[in-house]
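Asker: heads up, no residue letters with this:
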């Protein structure tokens, strides 16, 4: 194909694929099959590969995520992104209505518009000459972070719109329930702490420095406003929503214009009941005065507009019966109790299990088999036992005693000093071996795509793998014999196994499952020692010279590498060609911020602009170190809302304290 013909076809494919995306992600009404969509996308990719000069920033192919970012630049919003006051009851909403009526002229006609409050992260998207030029977080309302590369991966956000004047669109980025559940399953498999709620998940995804991660998390956006809407000639908020829809942007259809506070209360009651029927999480209702002239007259307080309020749903708690307690064995031998419940509906889903964490929690809450209990979902997602209804006890309830022997292999269980968990320390315990294999291939470890829990379990039960080095000795014939394993899947799996050999060594260190060594510590060790051989030969003094490595961690590393079985395993991994060298980026003054480089931070309390893990990642990306507790070695403590004992200790030790505003100021480009 000649260039002119290719250029014409690429333009046609842009229009076709954008239409398909709009139908699927905005209108929820796809008109073609997935196969047809994939065929047109592949045709476009093929032409762009053949004619690279035809690749444009607004091409549908550019949504998969580009190069890893160095950090996030600050963005000053042209008009502030406002926060809202909260209402928690009918009385609060009636009081809001009273204030609105008193703030407007007597007899002035006004109405409210009610919208669902999406449980996500507020974002701003700027278009110039019809093209998406910038995406940003809300931040403190005046200054946010430039997340353009990540915003472009969200398929419900069009890369081009009809309007040619510059407009600033406001919306809520969120993670659908299915995506949230999927990512938390992956985090659980990888030994990571799950996201507490969809908002944290959306925020964490949009603050990834690698846009490919954001692209993989299936985020979406509902737009709900325009900065300086009156400059576009709009008369009301509802006009603005209709205008946004006409530009191909996705607005939430579940909204209603209300002529009185009684109609507002009806809408709130309706969605309090219906909230769990949605495929995304909402945590309340936003009520706004609809007319822009009335919004202007009512004005602002120091923190929020007088013309809008957010009604917050109460947490849903449900009574059920705890019928038994089950034990699961983790990869480190920890025995974790789980409550088995009479199935009950909570926040829209049927719950029959809830974590009890450990023996101390069972004792502290005096949980007994047969108890009537109150459960809820932490963050509306994770089931937990809140309390026991002791007043309903009949005398037939049975106190629970944790087992003294491993439920899998029968070995005696131990409780190590200063630990709440009880664990099996038998290195040949089959449950631990199987869980260790599952951990080794997980995303945060060796990240072998296609080698999930079910496949690992099959391979283990068929005696095809007994330790992690056996994974690299698997053959096509062995894989093809597994249940539901086709030729293509077997070939793809072998390719993924081979590709994992080139991972930077911190992936291997974490994957080996050394007690007390998580993903962060694994990276610290890899950066410091550079090779697995150097780490395995390190002395206690070498290890303790690393600020993040304490006595117990050092001891765990020494014990692990002194084991004869470990030495044999490492040699087997060497033979099959697994990389033992750190190949990642090392923090240096060239890529670091001097306010952070070489300093130790502690983050405590709730930050509005960052989740706890995202704040840690930001600090580390600038050369700082993050510790879990405050000590004399701590340089700075970053405090959010509800900061507790760590703040008090920092004050006692005279350690520098940053509030969130100062943290954002210091973090600069992040």
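Answerer: Cool, got the structure. Just so you know, these numbers come straight off a predicted model, no measurement behind them. Numbering: from 1, shown residues only.

Asker: and this protein, what are its domains?
Answerer: 3-63, 85-312, 317-414, 430-575, 600-667 (automatic domain parsing).

Asker: any chance of those in CSV, plus mean pLDDT and distance to residue 583?
Answerer: (Each C-beta comes from the backbone N, C-alpha and C, glycine too.) What follows is those, written out as CSV (pLDDT from 0 to 100; distance: least, C-beta to C-beta, whole Å):
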stretch, mean pLDDT, distance to residue 583
domain 3-63, 79, 27
domain 85-312, 87, 16
domain 317-414, 88, 26
domain 430-575, 91, 4
domain 600-667, 82, 17
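
Asker: tell me which of the ones you listed approaches residue 423 most closely.
Answerer: Shortest distance between residue 423 and the domains of the chain, using C-beta to C-beta, is found for domain 317-414: 3.9 Å.

Asker: and the closest one, how far from the chain's centre?
Answerer: 26 Å (C-alpha atoms, centre = their mean, to the nearest Å).

Asker: just the helices in the stretch 251-400 of the chain please.
Answerer: Assigned by DSSP state H, counting those that start in this stretch, the stretch 251-400 of the chain shows helices spanning 261-274, 292-298, 359-364.

Asker: helices and strands around the first one, which ones?
Answerer: Same thing as helix 261-274. With contacts taken as 3 or more C-beta pairs under 8 Å, 6 or more residues apart in numbering; DSSP states H and E, helix 261-274 sits against helix 90-103, strand 112-118, strand 255-258, strand 282-289.

Asker: residue 259 - how many residues pack around it?
Answerer: Neighbourhood size, residue 259 [other C-beta atoms under 10 Å]: 12.

Asker: OK, contacts around the closest residue to it other than its chain neighbours?
Answerer: Nearest non-adjacent residue to residue 259, counting by C-beta to C-beta, 6 or more residues apart in numbering: residue 111, 5.3 Å away. Shown in contact with residue 111 (C-beta atoms under 8 Å, 6 or more residues apart in numbering): 257, 258, 259, 289, 290, 291.

Asker: residue contacts, the fifth one?
Answerer: The neighbours of residue 290, taking C-beta under 8 Å, 6+ apart as the test, are 110, 111, 112, 113, 236, 237, 238, 257.

Asker: what does the fourth one give?
Answerer: Residues in contact with residue 289, defined by C-beta under 8 Å, 6+ apart, are 100, 110, 111, 112, 237, 295, 298, 307, 308.

Asker: same check, this time on the second one
Answerer: Contacts were defined as C-beta under 8 Å, 6+ apart; by that measure residue 258 touches 111, 112, 113, 114, 264, 266, 267, 287.

Asker: and it, bridged to which residues?
Answerer: Counting by DSSP bridges, residue 258 is bridged to residue 112.

Asker: next: the last one.
Answerer: On the basis of DSSP bridges, residue 291 is bridged to residue 236.

Asker: residues touching the closest residue to residue 229 other than its chain neighbours, list them.
Answerer: Among residues not flanking residue 229 along the chain, residue 240 sits closest, at 4.8 Å (C-beta to C-beta, 6+ apart). Listed by C-beta under 8 Å, 6+ apart, the contact partners of residue 240 are 225, 226, 229, 232, 234.

Asker: assumed residue 240 was part of a helix.
Answerer: Yes - counting by DSSP: H, G, I helix; E, B strand; the rest coil, residue 240 is found in a helix.

Asker: where do the helices of the stretch 51-200 of the chain begin and end?
Answerer: Here the stretch 51-200 of the chain has its helices, by DSSP H, counting those that start in this stretch, at 90-103, 148-151, 177-189, 198-206.

Asker: same for the shortest one, what does it pack against?
Answerer: For helix 148-151, the packing partners by 3+ C-beta pairs under 8 Å, 6+ apart come out as strand 131-137, helix 198-206, helix 211-216.

Asker: buried set for the lengthiest helix in the chain?
Answerer: For the chain, the helix that runs over the most residues, judged by DSSP state H, is helix 3-21. Along helix 3-21, these residues count as buried under the neighbour rule (16 or more other C-beta atoms under 10 Å): 6, 9, 10, 13, 14, 16, 17, 18, 20, 21.

Asker: surely the third one touches residue 49?
Answerer: No - under the criterion of C-beta atoms under 8 Å, residue 10 lies out of contact with residue 49, with a separation of 11.5 Å.

Asker: shared neighbours of those two, anything?
Answerer: In contact with both residue 10 and residue 49: no residue, using C-beta under 8 Å, 6+ apart.

Asker: appreciated, that's everything.
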